[in-house]
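Undergrad: quick one: sequence and predicted model below, then my questions.
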There are 2 protein chains.
Amino acid sequence: MPEKVLLHPAIDDGIVAGSDSFAGGTLVCLCVDKPVKVRIDGQVVHNHACGCTKCWKPAGATFSVVAVTPTANVHVVENGDKLAVVDPGALILRHACRACGAHMHGPVERDHAFQGLTFVHTELSSDKGWQAPQFAAFVSSVIESGVSPKKMDGIRARIREVGLEPYDCLSPPLMDALATFAATKAGTFRE
Amino acid sequence: MPEKVLLHPAIDDGIVAGSDSFAGGTLVCLCVDKPVKVRIDGQVVHNHACGCTKCWKPAGATFSVVAVTPTANVHVVENGDKLAVVDPGALILRHACRACGAHMHGPVERDHAFQGLTFVHTELSSDKGWQAPQFAAFVSSVIESGVSPKKMDGIRARIREVGLEPYDCLSPPLMDALATFAATKAGTFRE
């Protein structure tokens, strides 16, 4: 029997649809004592599985699941003193709980197509209705986390089986947004 | 009537299958006088349409079509004195004819997953049997060449219509090769 491919708990057992009327919720870190709490106003967008080596993943998961929301919608409401930026040089300024390691919010402040957006993991919230994962990004990058290249065909097949399209970069709309930003910077953009 | 989407002459009118027994051929630059000639031993691999801004394209084309072959199979046989490297800092050392501008061969010499391979444009050869294009890479990047983002849905649809899969990076096997190289460098590779 072939080894079962585990992607992430939020997709392995079937993807739960989001709610169009979802008004937001609160992310809570994994600490039992004094957990960090971050309130998100409204729904997130571009929620997706991500194979990159930098995004926070729950134990045993091959992929993270991460979404974005305007930074203005993100509010650290409790125990923010436990947060520290993982890598101040990275595009995404991932604020992690120093005690449990969960990434609570990751704003993009640099001049970039994603400036003004914050990356968040909705699985850290017990509220129901968050946007479901829409696609899988940076799939080939899981090899950099120690996944055998021989498993990639099975991983891509499993991603499609759960209803997501696997990409080795971001989704076409996001890649178009990055290219549009680059074209505008280069002075080559045409409407 | 919607505007016709032109990708590249080698794919717009239907893709011609390659020959399994193809033994190689000669690329000739566009110059009438003293053209540069480059002989390729054997078949090329990973031939693909590429939307990046650096690959050489024929006039009017949105995409280039470019393949790779081991550098040992590439021989400049005539008028090599007309060649100059376009960008000595780039990963692909594109050797272009200084008179007509065609890129005749682009070796990767740097420590990289593609080291030892050379990028070539088989459309510069009149020999028949070269590998057909297999996929389209860096599709979103055509926006950086001045293609309107509004045209991207039509471009991706047209790429699929001619029988190719559009990617905004390279194909999954090549992306896996890049990730494997990165994992090996980082010491995280697992068989």
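TA: The structure has been received and is ready for your questions. Numbers count the residues shown, from 1 in each chain, chains lettered A, B, ... in the order given.
Undergrad: any weak-confidence spans in chain A?
TA: For chain A, the stretches flagged by pLDDT under 70 are A:1-3.
Undergrad: what about 80?
TA: The model of chain A has pLDDT under 80 over residues A:1-5.
Undergrad: within range of chain B, give me the residues from it.
TA: Contact residues, chain A versus chain B (Cβ under 8 Å from any Cβ of the partner chain): A:139-150, A:152, A:156, A:166-170, A:172, A:175-176, A:178-180, A:182-183, A:186, A:188-191. Backbone N, C-alpha and C define where each C-beta goes, glycine included.
Undergrad: so how do I select the buried members of those residues in ChimeraX?
TA: The ChimeraX command for the buried members of those (criterion: 16 or more other Cβ atoms under 10 Å in any protein chain shown) is given here:
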select /A:139,140,141,142,143,144,145,147,149,152,156,166,167,168,169,170,172,175,176,178,179,180,182,183,189
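Undergrad: in stretch A:48-58, what counts as buried?
TA: So, applying 16+ other Cβ under 10 Å, buried residues of stretch A:48-58: A:48, A:49, A:50, A:51, A:52, A:53, A:54, A:55, A:56, A:57.
Undergrad: can you tell me which two in those residues are farthest apart?
TA: Maximum pairwise distance in the buried residues of stretch A:48-58, criterion Cβ to Cβ, is 15.8 Å, between A:48 and A:53.
Undergrad: helices - which of the residues of chain A next to chain B land there?
TA: Of the positions in those, A:152, A:156, A:172, A:175, A:176, A:178, A:179, A:180, A:182, A:183, A:186 sit in helices, assigned by DSSP state H.
Undergrad: contacting residues for the first one?
TA: Okay, so that is residue A:152. Remark: with contacts taken as Cβ atoms under 8 Å, 6 or more residues apart in numbering or on different chains, residue A:152 is in contact with A:139, A:140, A:142, A:143, B:172, B:176.
Undergrad: tell me the contacts of the residue lying closest to the third one once chain neighbours are set aside?
TA: Residue nearest to residue A:142 in three dimensions, not counting chain neighbours: residue A:51, with 4.2 Å by Cβ to Cβ, 6 or more residues apart in numbering or on different chains. Neighbour list for residue A:51: A:62, A:63, A:136, A:137, A:138, A:139, A:140, A:141, A:142, A:145 [criterion: Cβ under 8 Å, 6+ apart].
Undergrad: please apply the same query to residue A:156.
TA: Counting by Cβ under 8 Å, 6+ apart, residue A:156 touches A:139, A:166, B:172.
Undergrad: measure the residue lying closest to the first one once chain neighbours are set aside to residue A:140 for me?
TA: Going back to what we said before, that points to residue A:139. Spatial nearest neighbour of residue A:139, excluding adjacent residues (Cβ to Cβ, 6+ apart): residue A:166 at 4.5 Å. Noted for residue A:166: a distance of 9 Å to residue A:140, by Cβ to Cβ, to the nearest Å.
Undergrad: intersection of neighbour lists for these two?
TA: In terms of Cβ under 8 Å, 6+ apart, residue A:166 and residue A:140 are both contacted by the residues residue B:172.
Undergrad: returning to that earlier point: restricted to strands, list the buried residues of stretch A:48-58.
TA: Those of the buried residues of stretch A:48-58 mapping onto strands are A:48, A:49, A:50, per DSSP state E.
Undergrad: just the element for the spatially most central residue of chain A, please.
TA: Nearest residue to the geometric centre of chain A (Cα atoms, centre = their mean): residue A:66, 1.5 Å. If you go by DSSP states H and E, residue A:66 is part of strand A:64-70.
Undergrad: what residues sit buried inside the following helix or strand past that strand?
TA: From strand A:64-70 onward toward the C-terminus, using DSSP H and E, the following helix or strand is strand A:74-78. Residues A:74, A:76 are the ones in strand A:74-78 that count as buried (16+ other Cβ under 10 Å).
Undergrad: is residue A:16 in contact with residue A:129, as I believe?
TA: No. Using Cβ atoms under 8 Å, residue A:16 is not in contact with residue A:129; the gap is 9.3 Å.
Undergrad: how close does residue A:86 get to chain B?
TA: Counting by Cβ to the nearest Cβ, to the nearest Å, the separation of residue A:86 from chain B is 17 Å.
Undergrad: do I have it right that that residue meets residue A:96?
TA: Yes. With contact defined as Cβ under 8 Å, residue A:86 reaches residue A:96; the gap is 5.1 Å.
Undergrad: identify the contacts common to those two.
TA: Counting by Cβ under 8 Å, 6+ apart, the residues touching both residue A:86 and residue A:96 are residue A:103.
Undergrad: ok, these two, which is more surrounded?
TA: Using other Cβ atoms under 10 Å in any protein chain shown, the more surrounded residue of residue A:86 and residue A:96 is residue A:96, with 21 against 15.
Undergrad: which of the three states applies to that one?
TA: strand (DSSP: H, G, I helix; E, B strand; the rest coil).
Undergrad: that one is in contact with residue A:90, isn't it?
TA: No. Counting by Cβ under 8 Å, residue A:96 stays clear of residue A:90, with 11.8 Å between them.
Undergrad: contacting residues around residue A:10?
TA: Counted by Cβ under 8 Å, 6+ apart, residue A:10 has contacts A:16, A:65, A:123, A:133.
Undergrad: buried among these? Make that a PyMOL selection.
TA: Remark: buried members of the contacts of residue A:10, expressed as a PyMOL selection using 16+ other Cβ under 10 Å:
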select buried, chain A and resi 65+123+133
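Undergrad: need the contacts of residue A:10 in a markdown table with distance to residue B:7, can you?
TA: A markdown table is the format used below for the contacts of residue A:10 (distance: Cβ to Cβ, whole Å):
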| residue | distance to residue B:7 |
| --- | --- |
| A:16 | 39 |
| A:65 | 35 |
| A:123 | 41 |
| A:133 | 32 |
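Undergrad: just name the closest of the contacts of residue A:10 to residue A:8, please.
TA: residue A:65 (5.3 Å).
Undergrad: okay, and the beta partners of that closest one?
TA: Note on residue A:65: beta-bridge partners by DSSP bridges are residue A:49.
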